[in-house]
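> Structure for this input, please:
(chains A, B and C)
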Amino acid sequence: MTALKNAYHILFLAALIFLALMLICCLIRAVRGPRIADRIVAVNMMGTMVMVMIAILALLLHEGYLVDICIIYAMISFLAVIVLTKVYMGVYRERHERGNKTGDNDPV
Amino acid sequence: MKNNRFARWFYGEDDTLIDKVEMKPQKERTPPERQVRRLMQEHERLHEHIYEDDNRKLWLFDKIYRIASVLFCLTFISILLVTVSWLPPSGSANNPGSNEVSARYIEKGLQETGAVNIVTGMILDYRAFDTFGESNVLYVATCAVLILLRLDHDEKRKPGDLTRSEAESNDRIYEPKNDMILQKVAGFLVPLIMIFGIYVILNGHLSPGGGFSGGAIIGAGLILYLNAFGFAKTERFFTEKTYKWVCFFALTFYCLAKSYSFFTGANHLESGIPLGTPGAILSSGLILPLNICVGLVVACTMYAFYALFRKGGF
Amino acid sequence: MVLEWIRFIIGTAVLLVGLATFALEVFGAFRFHFVLNRMHAAAMGDTLGIGISLIGLMIFSGWNFTSLKMFLVVLFLWFASPVSSHLIARLEAATDEELTKYCEVED
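As a prediction, the model looks like this:
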């Protein structure tokens, strides 16, 4: 039986390390991306990878209640995307209207 | 503002001695030309002095400020790290924290409180008074934000300002509203989120969760509903009155249930509710109602913060 | 005993397919040139990647409450993630000044 347990252990650790590397790459995308939508997309991707990591941890430690955290995390990241896009579109349009009224166009 | 003679004299609109006493003919009170010009010159001089480009002192201060702030942060961080390295290693048996109190909580927690989740049993049974203080902190925080951010009523506005409803929607005129896709999906997801939040609150004593996290989930569900449908539809069921009455009842119930420990100290009064079998949902005495109270306060607080920052009112 | 090993092998295969989807997603997010294409690559990870990974984990965990919760996570994400993509695309289309350079816009 211990061969099976070791196999599970190695598989989960390898998956966690791989996902952590992907997470760092997403962070690079978030810092580099030239537009705002790039950054929001990268943060969303990072949230999804963290969700898979939490689910793997829930099986590694044999604690079933950690999957509750996944649901909460999905909800919060969804809410963040909604609020950020709404507010940023309002800011952009307001600057555009003011720019039209005063005659100069400041680039966004 | 009252409209009697005293108020009118007090605020300077009415002069009671005119036409009754001999006086020189009065002209209009205009501030003299010289004084106005002097004030404007002073104002311009100050403006130049503050914003001038080659002010040596200002440039020096700017440079020193950046370097000094970085140095201060590094010093502070290193002091804290050195302090942390002096702490005892976690889990060793000579820690001052592992004394007979925590041993009692761990050994007798399940049997005395009836909660399978010992942490919930501790914060809502052994140390219930501290959790009461925490819920009050949430309420006081909302009151403080309300004082700072709420817009005045229409009677106190000066002429030329916007009315209250215009000022409330001034920030959000350009934002996109009533997105159809978001509305349909939110109509399906918000009940699911609420049910999940209620599940987390009610299961506080059986699995990790409890009032605080469940309340946060319900608050997030309310914020999602607000973002999808707008303020007009949300205020059909959640107004300022709702917030006041819900918080009042939750905190009063908690106070009546557990504030005796301020006077009696560690001597528990026995509430008549039986402890039940651990693992069932209707067990562990007063922990379930207290979880519900805390969850309600947290949910209202989260929604209140969001609405205050977006709209300036409920 | 053999059944346990079969479960392990099938679960590993499905989980590795899921992780490969994540790798492809991150690779796509770096190599595409325009924002909307990158968003298309990212949306693939949000729905397909996490769906397949969590099905693999459900095979590992068996027939209990934890698997039901993972299934609920997948359900929630499959409803919420396309709406996120729609909102981000709307933001991009409304705020981009040079949209017609790489996209056909109908009036």
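> Count the neighbours of residue 33 for me.
In the absence of a named chain, this looks at chain A. 17 (other C-beta atoms under 10 Å in any protein chain shown). Where you see a C-beta, it was placed from the backbone N, CA and C, and this is true even at glycine.
> oops, chain B please
Per other C-beta under 10 Å, the neighbour tally for residue B:33 reads 8.
> can you check residue B:206 too?
When neighbours are defined as other C-beta under 10 Å, residue B:206 has 19 of them.
> what does residue B:39 give?
By the criterion of other C-beta under 10 Å, residue B:39 has 11 neighbours.
> Which of the helices or strands spans residue 9?
Picking chain A for this. Using DSSP states H and E, residue A:9 sits in helix A:2-32.
> ah, no, chain C please
Assigning secondary structure by DSSP H and E places residue C:9 in helix C:2-31.
> for the helix holding residue A:9, packing partners?
For helix A:2-32, the packing partners by 3 or more C-beta pairs under 8 Å, 6 or more residues apart in numbering or on different chains; DSSP states H and E come out as helix A:36-60, helix C:2-31.
> Quick check: mean pLDDT of the last one?
By that I understand helix C:2-31. The pLDDT scores in helix C:2-31 average 94.
> Could you check the following helix or strand past that helix against chain A for contacts?
Once the chain leaves helix C:2-31, the next helix or strand it forms, by DSSP H and E, is helix C:35-44. Yes. Helix C:35-44 lies within reach of chain A by C-beta under 8 Å from any C-beta of the partner chain, at C:35, C:38-39, C:42.
> If we ignore the residues flanking it in sequence, what's nearest residue C:76?
Leaving aside its sequence neighbours, residue C:76 sits nearest to residue A:74 (C-beta to C-beta, 6 or more residues apart in numbering or on different chains; 5.4 Å).
> Which of the residues in the helix or strand the one you found falls within are classified as buried?
Using DSSP H and E, residue A:74 maps to helix A:67-102. Across helix A:67-102, burial judged by 16 or more other C-beta atoms under 10 Å in any protein chain shown covers A:67-75, A:77-79, A:81-86, A:88-90, A:92-96.
> The helix holding residue A:9 vs helix A:36-60, what angle?
Here helix A:2-32 runs at an angle of 170 degrees relative to helix A:36-60 (axes from the mean of the first three to the mean of the last three C-alpha atoms, to 10 degrees).
> returning to that earlier point: most packed of the helices and strands packed on helix A:2-32?
Comparing those by mean neighbour count (mean count of other C-beta atoms under 10 Å in any protein chain shown), helix A:36-60 ranks first with a mean of 21.
> tell me the angle the helix holding residue C:9 makes with helix A:2-32.
Using the same axes, to 10 degrees: helix C:2-31 against helix A:2-32 is 10 degrees.
> which residues touch residue 91?
If you meant another chain, say so; for now it's chain A. Shown in contact with residue A:91 (C-beta atoms under 8 Å, 6 or more residues apart in numbering or on different chains): residue B:174.
> let's do chain C instead
A:36-37, A:40, A:85, A:88-89.
> Per-residue pLDDT of the closest residue to it other than its chain neighbours, please?
In space, and not counting its chain neighbours, residue C:91 is closest to residue A:85: 4.4 Å by C-beta to C-beta, 6+ apart. On pLDDT, residue A:85 comes in at 92.
> shouldn't residue A:85 be in contact with residue A:40?
Yes. Using C-beta atoms under 8 Å, residue A:85 is in contact with residue A:40, at 7.0 Å.
> Okay, helices next: where are they in chain B?
Here chain B has its helices, by DSSP state H, at B:5-10, B:33-51, B:56-85, B:100-113, B:118-121, B:128-149, B:164-168, B:180-202, B:211-229, B:231-234, B:240-258, B:261-264, B:287-311.
> what's the offset of the fourth one from the middle of its chain?
So the one you mean is helix B:100-113. How far helix B:100-113 lies from its chain's middle: 34 Å, per C-alpha atoms, centre = their mean, to the nearest Å.
> In terms of secondary structure, what does that helix contact?
Judged by 3+ C-beta pairs under 8 Å, 6+ apart, helix B:100-113 is in contact with helix B:118-121.
> Can you pull the residues of chain B lying near chain A?
Contact residues, chain B versus chain A (C-beta under 8 Å from any C-beta): B:171-176, B:182, B:193, B:196, B:200, B:207-209, B:213, B:217, B:220-221, B:223-224, B:227-228.
> and those, which are buried?
In those, burial by neighbour count holds for B:171-172, B:175-176, B:182, B:193, B:196, B:200, B:207-209, B:213, B:217, B:220-221, B:223-224, B:227-228, counting by 16+ other C-beta under 10 Å.
> so what's residue 55 up against?
You didn't say which chain, so I picked chain A. A:66-67, A:70, C:53-54, C:57, C:70, C:73.
> my question was about chain C
C:14, C:18, C:74 are the contacts of residue C:55 under C-beta under 8 Å, 6+ apart.
> which stretches of chain A have low pLDDT?
A:101-108 (pLDDT under 70).
> circling back: just so I know, which of the helices of chain B lies nearest residue C:26?
For those, the distance to residue C:26 is smallest for helix B:180-202, at 26.6 Å, taking C-beta to C-beta.
> Tell me which residues of the closest one come out buried.
B:182, B:185-186, B:189-190, B:192-194, B:196-197, B:200-202.
> just checking, what packs against that helix?
helix A:67-102, helix B:211-229, helix B:287-311, helix C:65-95.
> Could you check how far the residue in chain C positioned nearest to chain B is from residue B:226?
Nearest residue of chain C to chain B: residue C:83, at 4.9 Å (C-beta to the nearest C-beta). According to C-beta to C-beta, to the nearest Å, residue C:83 stands 16 Å off from residue B:226.
> Run the angle between the helix holding residue A:74 and helix A:36-60 for me.
With the same axes, to 10 degrees defining the directions, helix A:67-102 sits at 170 degrees from helix A:36-60.
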